[in-house]
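Asker: coords please:
(one chain, ligands or ions: 2)
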Amino acid sequence: MQGSLYSSTVSSLSRTPRHASQLMPRACFSSSGSLLDKIDSHNNNHDEDIVDGWQRTIDGLPDYTAEPRGRAKGVEWKLRSKGRNFVDFCRIKVSGGQGGDGCVSFHREKFVAFGQPNGGNGGRGGNVIFEASSNETSLQHIPHTAAAPRGVHGKGSLMHGHAGKDLVIKVPMGTIIREVPSPEKELNPEDEDGLFQKSLELGETEAKDKEMSKRWVLYPRLTNSLTTLPEGKVNYFDEAQAWVAEEDRIVEARRAAMSKKPLLLDVNEQTEDGEHFMVGRGGGGGYGNPHFLTTQNRAPKYATRGREGQTRWLTLELKTIADAGLVGLPNAGKSTFLQAVSNAHPAIAPYPFTTLNPYIGTVDYSDSYQVKVADIPGLIRGAHKNIGLGHSFLRHVERSKVLVYVIDIAAEFGVKRQVKGVDDWTPEQDEHEGEDSTEATSKDIPTDTTEAPKIVDSQYSQPFEDWKTLLDELEAYQPGLTRRPSMIIANKADVTEVAPKNLQLFQKLVHEEWAKRRAAYSSSSSSVSQDHDLKIVPVSAKYKKNIVKVTSILREIVEAEKAKEVVATHRKEQREKEEQEEALAFKATRRNIMNASKLE
Ligand SMILES: Nc1nc2c(ncn2[C@@H]2O[C@H](COP(=O)(O)OP(=O)(O)OP(=O)(O)O)[C@@H](O)[C@H]2O)c(=O)[nH]1
Ligand SMILES: [Mg+2]
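Answerer: Numbering: from 1, shown residues only. Ligands and ions are numbered 1, 2, ... in the order given. From the prediction side, this is the model:
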């Protein structure tokens with residue numbers, strides 16, 4: 001529970017094999033032997049013994065049991081750190097500082113008897129403020145509790161206390177801040193009973209003094225003088241108490257009105273960098289004794305204490321803001337694609353779950369136009385049941401305008417792939433469901449491709465199955481998410497032995513499926529339309545082939561979406577304006593009618 005609260009990726013990761021040697025590096029190697037040669041010669045001309053940062057074994061494959069080197073070492077470290085270096089959800093208790101106390105003091109000077117009251121007011125407590133910052137990328141630095149400093153007490157000679165310094169906490173763009181009920185235990189009847197007993201033990205006057213000292217600063221021996229007030233003298237303190245009680249009531253009512261709705265803030269695209277959000281208000285400072293000076297009471301011997309600061313429990317959820325989100329199975333080449341199109345340098349390695357944190361890259365176009373692309377960890381079948389790394393990191397593509405499916409097109413043609421940690425999980429219901437549709441293929445296709453003979457089914461397309469897995473997992477995470485504008489990148493098209501065959505079948509199956517889904521959506525009464533075509537672009541991210549075509553299509557889709565958003569916001573603004581005008585006109589007519597009736 002704790003893990004899931006503070007980092008979405010921590011708890012889920014424990015289910016996956018962590019050590020690189022436990023993971024099967026076959027996703028791209030199994031498809032062709034010649035690919036390996038290409039990769040090796042491309043990457044490691046300088047060092048014949050190293051493959052992608054790993055020692056080469058006798059048969060030429062990387063040795064994942066050996067000590068990793070270079071980039072692989074970094075990846076290994078990340079896997080060991082279990083994703084703890086990225087926190088996208090956390091809870092925080094914020095408390096504004098308490099106000100400083102007012103001071104009871106009188107002017108003292110030689111030959112000046114009965115000097116006037118000169119106690120200073122207390123300073124207000126510091127506020128807790130969240131600052132939107134584009135330099136922050138995770139919630140790792142957010143503390144569990146944030147308490148702003150209290151205000152300084154007032155002093156004699158009319159020295160007012162300093163206000164407490166505001167506590168500013170930077171939050172990344174894309175953070176959603178929600179107020180939640182306090183998990184702190186409420187006072188149970190037994191505790192209350194104990195407190196009542198204690199107050200009885202104290203005695204009446206002591207209990208009264210104690211209660212009074214919570215709100216009042218009293219001059220020494222004032223309590224005694226109050227109880228033994230000579231007859232006929234007015235007790236000005238009662239009057240002051242009544243004023244303060246009335247003020248307290250107003251402040252409480254104002255606070256209650258303000259906190260009727262729980263706080264909900266969204267640090268989104270409209271937010272400017274450096275914008276401040278007050279989340280915990282500091283308490284007001286107490287009044288010094290000159291505040292209670294009246295024409296009758298020339299020497300008030302009491303001042304008030306500072307008010308308590310506001311305390312709130314908040315949850316912070318980071319939903320990265322990007323224009324396009326890359327979605328794909330592990331090892332599909334998402335990170336390689338991001339590196340090919342943008343300035344980002346994510347970790348790339350030939351084993352699943354290399355990427356553990358979302359990563360944002362910016363695609364720069366020649367006319368200075370920019371598109372932000374988010375790379376996230378790979379999804380696998382059953383991710384919605386916390387298989388693999390789970391699917392909570394989908395929150396980082398949830399806000400993307402466009403979804404880019406990255407599909408590995410270099411899978412063996414017509415053969416079901418079996419990669420440990422990616423394809424080896426089959427839920428019971430899948431087995432039941434699969435009996436009708438994929439009966440033939442699942443029976444024919446052996447589970448262990450290394451030992452049993454491979455039976456090729458010309459109707460079976462692993463890339464198509466991968467794409468459907470992605471759609472299912474996205475729908476399981478948020479129904480309707482797949483209806484976003486999207487495109488497909490058929491990656492690893494450079495593996496010419498299988499890619500063309502796979503691509504042909506994949507395109508046919510995808511278009512059929514997409515047409516079916518479009519028809520289903522258009523018949524349903526959903527507000528989200530799915531009227532876009534699904535473009536499939538063969539790409540080699542590794543060798544940067546067809547990249548320009550992809551980026552230009554991506555730009556087209558993003559621009560079209562942004563234009564739609566602009567129109568929608570313009571319409572909304574116009575509607576709001578019209579509503580306001582209508583309300584004003586209604587008020588004016590009502591006023592006119594009332595005036596007319598008065599005249600009559
Ligand atoms: N031949 C070929 N190999 C590629 C291509 N793109 C990626 N690869 C290889 O595929 C492997 C996996 O690439 P990654 O970019 O790490 O894959 P990913 O989708 O980010 O994987 P996860 O982070 O684990 O989800 C690496 O060894 C890449 O070199 C490509 O276009 N052609
Ligand atoms: Mg990756």
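
Asker: which stretches of this structure have low pLDDT?
Answerer: The chain contains residues with pLDDT under 70 at 1-86, 185-205, 221-232, 386, 388, 420-421, 424-454, 522-532.

Asker: Within range of ligand 2, give me the residues from it.
Answerer: Residues of the chain found near ligand 2 (CB under 5 Å from the ion) are 335, 354, 355. To be clear about C-beta, it is placed using only N, CA and C from the backbone, and glycine gets the same treatment.

Asker: Is residue 146 bridged to anything, and to what?
Answerer: Assessed by DSSP bridges, residue 146 has beta-bridge partners residue 94.

Asker: Please tell me which one of the residues of the chain next to ligand 2 counts the most neighbours.
Answerer: When neighbours are counted by other CB atoms under 10 Å, residue 335 leads the residues of the chain next to ligand 2 with 27 neighbours.

Asker: With adjacent residues omitted, what lies nearest to residue 355?
Answerer: In space, residue 355 comes closest to residue 377 once its chain neighbours are excluded; the distance is 4.9 Å by CB to CB, 6 or more residues apart in numbering.

Asker: The one you found against residue 356, yeah?
Answerer: Yes - shown here, residue 377 and residue 356 form a contact pair, counting by CB atoms under 8 Å, at 5.8 Å.

Asker: out of these two, which sits in the busier spot?
Answerer: residue 377 (31 against 23).

Asker: mind checking how far that one is from ligand 1?
Answerer: Going from residue 377 to ligand 1 by CB to the nearest ligand atom, to the nearest Å gives 6 Å.

Asker: cool, and residue 306?
Answerer: From residue 306 to ligand 1 the distance is 53 Å (CB to the nearest ligand atom).

Asker: Same question for residue 277.
Answerer: 34 Å.

Asker: could you say what helices and strands whatever helix or strand that residue lives in packs with?
Answerer: Per DSSP states H and E, residue 277 falls inside strand 276-280. Packing partners of strand 276-280 (3 or more CB pairs under 8 Å, 6 or more residues apart in numbering; DSSP states H and E): strand 89-95, strand 128-133, strand 311-318.

Asker: in the stretch 301-450 of the chain, which spans are strands?
Answerer: For the stretch 301-450 of the chain, applying DSSP state E, counting those that start in this stretch gives strands covering 302-304, 311-318, 324-328, 359-364, 370-375, 402-408.

Asker: For residue 210, state which of the residues of the chain next to ligand 2 is nearest.
Answerer: Comparing these against residue 210 with CB to CB places residue 355 closest, at 59.3 Å.

Asker: quick revisit: okay if I get the helices and strands packed on strand 276-280 as JSON lines plus distance to residue 218?
Answerer: Below are the helices and strands packed on strand 276-280 laid out as JSON lines (distance: least, CB to CB, whole Å):
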{"stretch": "strand 89-95", "distance to residue 218": "27"}
{"stretch": "strand 128-133", "distance to residue 218": "31"}
{"stretch": "strand 311-318", "distance to residue 218": "27"}
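
Asker: about what we covered before: tell me who's in contact with the residue nearest to residue 355.
Answerer: Shown in contact with residue 377 (CB atoms under 8 Å, 6 or more residues apart in numbering): 9, 330, 353, 355, 356, 357, 358, 388, 389, 393.

Asker: give me phi/psi at the closest residue to ligand 1 within the stretch 401-550 of the chain?
Answerer: For the stretch 401-550 of the chain and ligand 1, the shortest gap (CB to the nearest ligand atom) falls at residue 542, measuring 3.4 Å. Main-chain torsions, residue 542, degrees, to the nearest 10: phi -70, psi -40.

Asker: ok, so what distance separates it from ligand 2?
Answerer: 13 Å (CB to the ion, to the nearest Å).

Asker: now residue 152, nearest residue through space, not along the chain?
Answerer: Per CB to CB, 6+ apart, closest to residue 152 is residue 161, 3.5 Å.

Asker: Just confirm that neighbour is within a helix.
Answerer: No - looking at residue 161 with DSSP: H, G, I helix; E, B strand; the rest coil, it is coil, so not inside a helix.

Asker: so it makes contact with residue 98?
Answerer: No - Residue 161 sits out of contact with residue 98 when judged by CB under 8 Å, with a separation of 11.4 Å.

Asker: list the residues that contact both of the two?
Answerer: residue 151.

Asker: ok, back up a step: for residue 557, state which of the residues of the chain next to ligand 2 is nearest.
Answerer: Closest to residue 557 out of these is residue 335 (21.3 Å), distances taken as CB to CB.

Asker: which residues touch the closest one?
Answerer: Here residue 335 is in contact with 346, 347, 348, 354, 355, 359, 375 (CB under 8 Å, 6+ apart).

Asker: if I pick the third one, what's in contact with it?
Answerer: By CB under 8 Å, 6+ apart, the residues touching residue 348 are 71, 335, 336, 339, 354.

Asker: Reformat these as a markdown table; add distance to residue 547.
Answerer: Formatted as a markdown table, the contacts of residue 348 follow (distance: CB to CB, whole Å):
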| residue | distance to residue 547 |
| --- | --- |
| 71 | 22 |
| 335 | 14 |
| 336 | 11 |
| 339 | 11 |
| 354 | 21 |
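
Asker: Indicate whether the longest helix along the chain makes contact with ligand 1.
Answerer: In the chain, assigned by DSSP state H, the helix with the most residues is helix 547-599. No - judged by CB under 6 Å from any ligand atom, helix 547-599 stays clear of ligand 1, getting no closer than 10.1 Å.

Asker: counting contacts, what elements does that helix pack onto?
Answerer: Using 3+ CB pairs under 8 Å, 6+ apart: helix 547-599 touches strand 324-328, helix 334-341, strand 359-364, strand 370-375, strand 402-408, strand 486-491, strand 535-538.

Asker: The same query, at a cut-off of 6 Å, please.
Answerer: Under the contact criterion of 3 or more CB pairs under 6 Å, 6 or more residues apart in numbering; DSSP states H and E, helix 547-599 touches helix 334-341, strand 535-538.

Asker: Would you mind finding the most buried of the ones you listed?
Answerer: helix 334-341 (a mean of 25; mean count of other CB atoms under 10 Å).

Asker: Can I get it in CSV, CA atoms only?
Answerer: Extracted C-alpha coordinates of helix 334-341, given in CSV (Å, rounded to 0.1, in the frame of the first residue of the first chain):
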residue,chain,number,x,y,z
LYS,A,334,9.9,3.3,-28.2
SER,A,335,13.0,4.8,-26.6
THR,A,336,15.0,4.2,-29.8
PHE,A,337,12.3,6.1,-31.7
LEU,A,338,12.3,8.9,-29.2
GLN,A,339,16.1,9.2,-29.5
ALA,A,340,15.9,9.2,-33.3
VAL,A,341,13.3,12.0,-33.5
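
Asker: how far is it from where the chain is centred?
Answerer: With CA atoms, centre = their mean, to the nearest Å as the basis, helix 334-341 stands 24 Å off its chain's centre.

Asker: quick check: angle from that helix to strand 486-491?
Answerer: Orientation of helix 334-341 against strand 486-491 (axes from the mean of the first three to the mean of the last three CA atoms, to 10 degrees) gives an angle of 90 degrees.

Asker: can you tell me if helix 334-341 touches ligand 1.
Answerer: Yes - in terms of CB under 6 Å from any ligand atom, part of helix 334-341 sits within range of ligand 1, namely 334, 335, 336.

Asker: who in the stretch 201-350 of the chain is up against ligand 1?
Answerer: Within the stretch 201-350 of the chain, the positions lying close to ligand 1 (CB under 6 Å from any ligand atom) are 328, 330, 331, 332, 333, 334, 335, 336, 348, 349, 350.
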